[in-house]
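Engineer: Provided below for reference: sequence and predicted model.
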Amino acid sequence: MQGVLTGFAVIAVVIGVGYVIGRRGYLGENGREVLTKLAFHVASPALLFTTLARADLSVIFSSRLLVTAMSTAAAAGVFVAVGVVRRWGVGRTTIGALCSSYVNSGNLGIPIAVYVLGDASLVAPVLLFQQIMVTPIALTVLDLSGDGEKGPLWQRLITPLRNPIAVGSLSGVAVSATGLTLPGPVMDPLTLIGNMSVPAVLLAFGISLCGSTLPGRGADRHPVLLSVVLKSVGQPLAAWALAMGLFGLHGAPLLDVVVTSALPAAQNLFTYASRYRVGETLARESILLSTILSVPVLVVIAAVLG
């Protein structure tokens, strides 16, 4: 249980600092926007590049990753289906689908993997899958759904190559796949810049909470509640059913996939929503509620399957 509490304590403290910064106005009126742009255009691409450049890509060929991919698709698919029926719009539905299925595998997943599962590498398949597959696809959809995307077909087709997050992820995968070892003078500055990503995202998230209403009560009430239920309950249940019924996983492997699927929505989803100016309230409230609910959910999973 220590890993769960430690991970959440670290996140809560940094978000709290961001809230104080916002209340005091230390960064001015545009502080959140500056932090968001810093994370999206500079720090996060550097973090993803350095992480994936050192990753062992062989982990993608595992039954655990298949469970993760299928449970992610199931949760996101339910939200998309409801979004289409309710006509929530492409951008809003995309953000909601991410909040329903995209887990916090980095700053929260790693400490929980260490203290609860006993191995930090167990979160690597989730991290790779989300950064290699989910992020480029989702951001491409957001790019193509924007009002400014009116260029010719060839320009629309190369949209992923113009997105800094996608470029950072795919470049890191390319380096890892070729076995290339970059020298210290290249990796060290990128690592230093990448280390700003998580603090910047959490601080921006904390600033955004200033003046906000209680979550789940505004115009985005239904999308928020749906995404939180899918993220906190639906995705872990889907992972458990798939792992046992389809892949025959038991014991530690079963615990691994269910715990990682029960992690809350990642804070960087708010960065994406802010960058594209769509579903910001939906992202903020979904992340907050799923983070709060994931504490008892993870404790129950650890007690039942541990």
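Structural biologist: It's in.
Engineer: can you list the low-confidence ranges for the stretch 51-200 of the chain?
Structural biologist: 59-61, 106-108, 110-111, 114-116, 118-121, 146-162 (pLDDT under 70).
Engineer: over to stretch 99-112 now: how far is its first residue from its last?
Structural biologist: Start to finish, the residues bounding stretch 99-112 are 20 Å apart (CA to CA, to the nearest Å).
Engineer: how about the CA coordinates for the strand or helix carrying residue 9, as PDB?
Structural biologist: Secondary structure assignment for residue 9, by DSSP states H and E: helix 2-24. Extracted in PDB, the C-alpha atoms of helix 2-24 (Å, rounded to 0.1, in the frame of the first residue of the first chain):
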ATOM      1  CA  GLN A   2       3.000   2.300   0.600                       C
ATOM      2  CA  GLY A   3       3.500   2.700  -3.200                       C
ATOM      3  CA  VAL A   4       0.000   3.800  -3.800                       C
ATOM      4  CA  LEU A   5       0.100   6.400  -1.000                       C
ATOM      5  CA  THR A   6       3.600   7.600  -1.900                       C
ATOM      6  CA  GLY A   7       2.700   8.200  -5.600                       C
ATOM      7  CA  PHE A   8      -0.500  10.100  -4.800                       C
ATOM      8  CA  ALA A   9       1.200  12.100  -2.100                       C
ATOM      9  CA  VAL A  10       3.900  13.400  -4.500                       C
ATOM     10  CA  ILE A  11       1.300  14.300  -7.100                       C
ATOM     11  CA  ALA A  12      -1.000  16.000  -4.500                       C
ATOM     12  CA  VAL A  13       1.900  18.200  -3.200                       C
ATOM     13  CA  VAL A  14       2.900  19.500  -6.600                       C
ATOM     14  CA  ILE A  15      -0.600  20.200  -7.700                       C
ATOM     15  CA  GLY A  16      -1.100  22.000  -4.400                       C
ATOM     16  CA  VAL A  17       1.900  24.100  -5.100                       C
ATOM     17  CA  GLY A  18       0.400  25.000  -8.500                       C
ATOM     18  CA  TYR A  19      -2.900  25.900  -6.800                       C
ATOM     19  CA  VAL A  20      -1.100  28.300  -4.500                       C
ATOM     20  CA  ILE A  21       0.800  29.800  -7.400                       C
ATOM     21  CA  GLY A  22      -2.400  30.400  -9.200                       C
ATOM     22  CA  ARG A  23      -4.100  31.900  -6.100                       C
ATOM     23  CA  ARG A  24      -1.200  34.200  -5.500                       C
END
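Engineer: what helices or strands is that helix leaning on?
Structural biologist: Packing contacts for helix 2-24, counted by 3 or more CB pairs under 8 Å, 6 or more residues apart in numbering; DSSP states H and E, involve helix 31-38, helix 109-112, helix 197-208, helix 280-305. All C-beta spots, glycine's among them, are computed from the backbone N, C-alpha and C.
Engineer: which of the ones you listed has the lowest average pLDDT?
Structural biologist: Among those, helix 109-112 has the lowest mean pLDDT, at a mean of 67.
Engineer: ok, then the element right after that helix?
Structural biologist: helix 124-129.
Engineer: and residue 135, how many residues sit next to it?
Structural biologist: Look at residue 135: counted by other CB atoms under 10 Å, it has 26 neighbours.
Engineer: now for it: which residues touch it?
Structural biologist: With contacts defined as CB atoms under 8 Å, 6 or more residues apart in numbering, residue 135 is in contact with 165, 166, 169.
Engineer: Three-state assignment for the last one, please.
Structural biologist: When the structure is split into helix, strand and coil by DSSP: H, G, I helix; E, B strand; the rest coil, residue 169 lands in helix.
Engineer: number of nearby residues for residue 52?
Structural biologist: 24.
Engineer: actually residue 222, not the one I typed
Structural biologist: 13.
Engineer: wait, it sits on residue 83?
Structural biologist: No - using CB atoms under 8 Å as the test, residue 222 is too far from residue 83 to be in contact (10.2 Å).
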